[in-house]
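Asker: Got a predicted model here, sequence first, then my questions.
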Amino acid sequence: MKIMFIIPRMNGGGAERVVANLANSFSKENKVMVCTLVSNESFYDFNSNNIDFKSAGYSIDRKNKISTLNSYRKLFFKSLKYLKRKINEFDPDCIISFLIETDILTYLVTRKNKKIVRINSERNDPTRRNKIIKIILKHIYKKSDLFVCQSKKIYDYYKYIDARKKVIISNPIDNTKLPQIVKDESNHNIVSVGRLTSQKNFELLINSFIIAKNSIPEDSKLIIYGEGKLRSKLEELIASNKLKERILLPGAKKDILNVINGSALFVMSSNYEGFPNALLEAMAIGLPVISTDFYTGVAKELIKKDNGIIVGINNELEMSEAIIKMMNSDTLRNTCRHNNIKIRNKYNIDTISSQWMKAIEKEVEINESKN
């Protein structure tokens, strides 16, 4: 079978990680193309000769909102032509598009092509989008051959999609790329990973640490790994509280799991998420976790009473209390470490990839019978 992924870019984001993991898994028995529009490189590795990575290599001028909008406008028709050419060259049995930009472009290119199974997948919180985008996506998603949701709450949100065309598939963990588990924590570091943007709400995490700092071990440090447009604002917040030695922003790290392995605690402070790989993988290497209760319900699916703590969105007091509770109880952290490791089996790449392939093969078979 020929399977084609279309995604705007292959940078260090969560959706891109899922594409890389699935492409590597699918390529064991299928031919795979990963097609992007922006940049010529992939942050994640492809490990098979059966994967053809193609990129238009376009660049976006992100100096301000107007320049960004103009870039998208200029590249829109170029992108349509590029995708049409690549689809014709590869001649896929199915196309899986990730993220709304390429959902729209892929639909426009393939809407008259009945031979290709078109699969869409929700990768974020759909309630955060404006009304116009929601209307556009409703038109597109209703015509998907298959729509993949990451949680039961997202499945229920898309009431307008036929239940026969919807399936819930969680994000995968590639166990082969996880570091060896550290049985005992090696430091008192509190860590978090993500883009330095308003979505991740690291301001909440920093302020919560400031509240908690005098009630937790003195050698505890907060280390936030990632890059983004809010770096200067976060640095100013840290400096104004004279905490440059205890709150660190070392940037993005490609080997992030090795870097945070053995930390005392992982915290996710996001305002919204789809199915966060950072949280899932932190749990898979045995880190105790604290997470906000974002809309998609994934935090509640992953975190129970014996492996972490869930707090309200943008609630500094709740988060600071959770940090104090975790950091002052070796017993609680050790219990969480032991229980979180079990998550590797449920979400391993072979299991998740098998769920995807079963759903894909079913739709391809139905489509072939029609044609």
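Answerer: Perfect, thanks for sending it.
Asker: burial of K2, as a residue count?
Answerer: K2 has 15 neighbours, counted by other Cβ atoms under 10 Å. From N, CA and C alone the C-beta is placed, and that goes for glycine too.
Asker: change the start of the numbering to 655 and stick with it
Answerer: With the count now opening at 655, the last piece we talked about shows up as K656.
Asker: Mind pulling up the pLDDT for it?
Answerer: K656 carries a pLDDT score of 97 in this model.
Asker: Could you do D909 as well?
Answerer: On the pLDDT scale, D909 is placed at 88.
Asker: neighbours of it, just the number please.
Answerer: Residues lying near D909 (other Cβ under 10 Å) number 10.
Asker: and the gap between it and I901?
Answerer: Going from D909 to I901 by Cβ to Cβ, to the nearest Å gives 22 Å.
Asker: For the stretch 855-1004 of the chain, which segments are assigned as strands?
Answerer: 875-879, 901-902, 919-922, 943-946, 962-965 (DSSP state E, counting those that start in this stretch).
Asker: Redo the ones you listed as a markdown table? Include mean neighbour count, distance to R849 and mean pLDDT.
Answerer: Formatted as a markdown table, the strands of the stretch 855-1004 of the chain follow (neighbours: other Cβ atoms under 10 Å; distance: least, Cβ to Cβ, whole Å; pLDDT from 0 to 100):
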| stretch | mean neighbour count | distance to R849 | mean pLDDT |
| --- | --- | --- | --- |
| strand 875-879 | 21 | 10 | 98 |
| strand 901-902 | 20 | 17 | 98 |
| strand 919-922 | 27 | 13 | 98 |
| strand 943-946 | 25 | 16 | 98 |
| strand 962-965 | 23 | 21 | 98 |
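Asker: of all those strands, which lies closest to I789?
Answerer: Ranking these by proximity to I789 (Cβ to Cβ) places strand 943-946 first, at 28.7 Å.
Asker: And the contacts of the closest one?
Answerer: Residues from elsewhere that reach strand 943-946 (Cβ atoms under 8 Å, 6 or more residues apart in numbering): 855, 858, 919-925, 933, 936-937, 953, 956-957, 961-969, 973, 976-977, 980, 990, 994.
Asker: Quick one: end-to-end distance for stretch 791-806.
Answerer: End-to-end distance for stretch 791-806, by Cα to Cα, to the nearest Å: 19 Å.
Asker: next SSE after the helix-or-strand element of the chain with minimal mean pLDDT?
Answerer: Of all helical and strand segments in the chain, the minimum by mean pLDDT, DSSP states H and E falls on helix 719-744, at a mean of 87. Using DSSP states H and E, the helix or strand that follows helix 719-744 in sequence is strand 748-752.
Asker: ok, S874 to Y809 distance?
Answerer: Separation of S874 from Y809 (Cβ to Cβ) stands at 39 Å.
Asker: domains of the chain?
Answerer: 656-826+1002-1024, 830-1000 (automatic domain parsing).
Asker: State the number of residues packed around K958.
Answerer: Neighbour count for K958, taken as other Cβ under 10 Å: 10.
Asker: how many other residues sit next to F731?
Answerer: Neighbours of F731 under the rule other Cβ under 10 Å: 9.
Asker: Tell me how far it lies from I741.
Answerer: Counting by Cβ to Cβ, the gap between F731 and I741 amounts to 16 Å.
Asker: Quick check: S824 vs T760, distance?
Answerer: In this view, S824 and T760 are 23 Å apart by Cβ to Cβ.
Asker: And for N718?
Answerer: Plainly put, N718 is 28 Å away from T760 if you go by Cβ to Cβ.
Asker: neighbour count winner among those two?
Answerer: Legend: neighbour count by other Cβ under 10 Å for N718 and T760, higher for T760 (26 against 9).
Asker: picking that back up, let's have the strands of the stretch 855-1004 of the chain in TSV, adding distance to I794.
Answerer: Converted to TSV, these look like this (distance: least, Cβ to Cβ, whole Å):
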stretch	distance to I794
strand 875-879	34
strand 901-902	42
strand 919-922	30
strand 943-946	30
strand 962-965	33
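Asker: So for T851, which of those strands sits nearest?
Answerer: Nearest of those to T851, taken as Cβ to Cβ: strand 875-879 at 11.9 Å.
Asker: Name the surrounding residues that touch the closest one.
Answerer: 841-848, 850, 856, 859-860, 863, 888, 900-907, 910, 913-914, 917.
Asker: Among those, the buried ones, what's the PyMOL command?
Answerer: The PyMOL command for the buried members of the contacts of strand 875-879 (criterion: 16 or more other Cβ atoms under 10 Å) is given here:
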select buried, resi 843+844+845+846+847+848+850+856+859+860+863+888+900+901+902+903+906+910+913+914+917
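Asker: Report the secondary structure state of N841.
Answerer: Secondary structure state of N841, per DSSP: H, G, I helix; E, B strand; the rest coil, is coil.
Asker: so it touches S917, yeah?
Answerer: Yes. If you go by Cβ atoms under 8 Å, N841 and S917 touch, sitting 6.4 Å apart.
Asker: Can you pull out the residues in contact with stretch 794-814?
Answerer: Against stretch 794-814 from outside (Cβ under 8 Å, 6+ apart): 748, 757-758, 761, 765, 771-777, 780-781, 792, 815, 819-825, 928-929, 949-952, 955, 1010, 1013-1014, 1017, 1020-1021.
Asker: please redo it, this time with the cut-off set to 7 Å
Answerer: Outside of stretch 794-814, the residues within contact range by Cβ atoms under 7 Å, 6 or more residues apart in numbering are 757-758, 761, 771-776, 780, 792, 815, 819-825, 928-929, 950-952, 955, 1013, 1017, 1021.
Asker: ok, for M664, nearest residue in space, not its chain neighbours?
Answerer: Computed as Cβ to Cβ, 6 or more residues apart in numbering, the closest residue to M664 that is not its neighbour in sequence is S696, at 3.8 Å.
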